[in-house]
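**Student:** got a predicted structure plus its sequence, pasted below:
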Amino acid sequence: MAGRAFVTGASGFLGRAIVEELAAGGRPVRALARSDAAAERLAALGAEPVRGDLRDRASLEAGFVGCDVVYHAAGVNAFCLPDPSPMFEVNVAGSREVVLAAAAAGVGRVVYTSSAATLDIASDDGGAGPLGTRRFLSNYARSKYEAERGVMDAAASTGLDVVSVNPASVQGPGRTSGTARLLIGYLNGKLPAAVDGPLNVIDIADCTRGHLLAEERGVAGQRYLLCGASMTLRSGLALLSRLTGLEDPPRFLPPGLALAAAAGIELVARARRKPTRFCREMVRTLLEGSAYDGTPATRDLGLVYTPIESTMRRTISWYLQQGLITRPLPGFADSDPG
């Protein structure tokens with residue numbers, strides 16, 4: 001059995017799944033907790049809570065002592081933020097603190113949760129230029145790009161063994177934010193309009209296994225893209241239609257109209273000093289994102305992906321169990337055929 005593991009972000013969707021998988025395998029696990037309530041939840045999962053914060057290197061270093069590996073899954077994933085600076089502080093500065101603390105504590109390896117969004121950049125020289133020439137689809141993508149670069153720079157300066165895992169959109173039971181809001185909205189008949197573009201998905205179970213395989217088989221300094229299915233939002237909603245029997249697809253807006261509408265909504269939100277969930281960076285991400293190829297992770301890590309139909313079926317079942325679906329799904333069968 002491998003030695004003790006430490007997980008940051010264990011209160012989140014992915015971090016919690018990593019803790020559960022490690023604990024189920026008999027691994028001793030510590031997990032970062034920022035509050036007493038979080039500590040209680042983590043203890044219930046079988047982890048040893050460690051009070052601390054990503055911005056407090058001393059607390060991180062103390063918690064990391066005696067751990068063979070740190071899974072750094074903590075981060076902020078958000079769009080349309082009036083002030084993105086706190087997201088950069090967590091994603092960029094916080095990740096660097098984790099690496100420096102891990103090196104000081106004598107940790108053997110850090111498995112860093114980056115994002116496939118780091119691939120969605122463009123520059124005048126085709127992507128090889130300095131950071132200032134790059135165009136990012138969102139502040140989130142920029143923060144994760146800067147964070148990954150900072151993590152690898154800190155690893156090089158300290159000699160720490162770091163592996164980067166870059167998941168696509170993580171979906172499955174337990175996810176209700178981000179792209180999942182579009183899926184829930186469609187299933188409830190509350191998605192009258194949408195914009196079409198690439199939809200890249202990784203099952204939460206596969207993403208969790210990918211992280212553990214990165215600890216076991218990953219090469220220091222390498223990044224591993226995890227993506228089990230690459231399609232478009234239109235084809236993804238068509239899959240939901242086939243699984244559920246629903247036949248009311250949204251109206252897909254032309255890109256120019258969608259961007260103009262988002263700009264207008266942003267302007268009104270600023271005038272009212274209220275947050276908005278719909279903005280230009282979200283539309284750009286939906287329209288201009290890349291189609292990802294996750295097959296190298298199968299070759300290099302031995303990761304086997306769950307079929308997207310199975311992922312969606314399990315996810316819909318969980319939505320129903322949680323009362324998140326408010327209308328009948330006439331064609332849905334709560335099991336995988338065959």
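**Tutor:** Cool, the structure landed. Numbering: from 1, shown residues only.
**Student:** could you use CA atoms for every contact and neighbour count after this?
**Tutor:** OK.
**Student:** just give the nearest non-adjacent residue to Ser114, would you?
**Tutor:** Excluding the flanking residues, the one nearest Ser114 by CA to CA, 6 or more residues apart in numbering is Asn166, at 4.8 Å.
**Student:** identify the residues contacting that neighbour.
**Tutor:** 113-116, 223-226 (CA atoms under 8 Å, 6 or more residues apart in numbering).
**Student:** now, among the residues you listed, which is nearest to Glu48?
**Tutor:** Each of the contacts of Asn166 was checked against Glu48 using CA to CA; the closest is Thr113, at 20.9 Å.
**Student:** can I assume that closest one is in contact with His72?
**Tutor:** Yes - Thr113 lies in contact with His72 (CA atoms under 8 Å); the separation is 6.0 Å.
**Student:** show me what contacts Asp293?
**Tutor:** When contacts are counted by CA under 8 Å, 6+ apart, Asp293 is found next to 225, 227, 230.
**Student:** name the member of these with the most neighbours.
**Tutor:** Cys227 (26 neighbours; other CA atoms under 10 Å).
**Student:** all helices of the stretch 151-300 of the chain, in order?
**Tutor:** 179-187, 204-217, 233-244, 255-272, 280-288, 295-301 (DSSP state H, counting those that start in this stretch).
**Student:** next one: the last one to chain centre, how far?
**Tutor:** If I follow you right, that is helix 295-301. 19 Å (CA atoms, centre = their mean, to the nearest Å).
**Student:** which other residues reach the helix or strand just after that helix?
**Tutor:** Using DSSP states H and E, the next helix or strand after helix 295-301 towards the C-terminus is helix 308-321. The contact list for helix 308-321 (CA under 8 Å, 6+ apart) reads 171-174, 184, 201, 203, 228-229, 239-240, 243, 325, 334-336.
**Student:** mind putting the contacts of Asp293 into CSV with distance to Leu253 and pLDDT?
**Tutor:** Shown next, in CSV, are those (distance: CA to CA, whole Å; pLDDT from 0 to 100):
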residue, distance to Leu253, pLDDT
Leu225, 30, 96
Cys227, 26, 97
Ser230, 21, 95
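**Student:** go through the residues you listed and name the one nearest Pro192.
**Tutor:** The nearest member of the contacts of Asp293 to Pro192, counting by CA to CA, is Ser230 at 23.5 Å.
**Student:** please pull out the lowest mean pLDDT helix or strand from this structure.
**Tutor:** strand 121-123 (a mean of 54; mean pLDDT, DSSP states H and E).
**Student:** quick one: which of the contacts of Asp293 is nearest Glu20?
**Tutor:** Using CA to CA, Cys227 comes nearest to Glu20 of the contacts of Asp293, at 21.4 Å.
**Student:** can you pull the contacts of that closest one?
**Tutor:** 167-168, 200-202, 292-295.
**Student:** kindly export stretch 282-290 (C-alpha atoms) in PDB.
**Tutor:** Presented in PDB, the C-alpha positions along stretch 282-290 are these (Å, rounded to 0.1, in the frame of the first residue of the first chain):
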ATOM      1  CA  MET A 282     -18.600  32.300 -21.100                       C
ATOM      2  CA  VAL A 283     -19.900  32.700 -24.700                       C
ATOM      3  CA  ARG A 284     -16.400  32.800 -26.100                       C
ATOM      4  CA  THR A 285     -15.500  29.600 -24.200                       C
ATOM      5  CA  LEU A 286     -18.600  27.800 -25.500                       C
ATOM      6  CA  LEU A 287     -18.000  29.000 -29.100                       C
ATOM      7  CA  GLU A 288     -14.300  28.900 -29.500                       C
ATOM      8  CA  GLY A 289     -13.100  26.000 -27.300                       C
ATOM      9  CA  SER A 290     -11.000  23.200 -28.700                       C
END
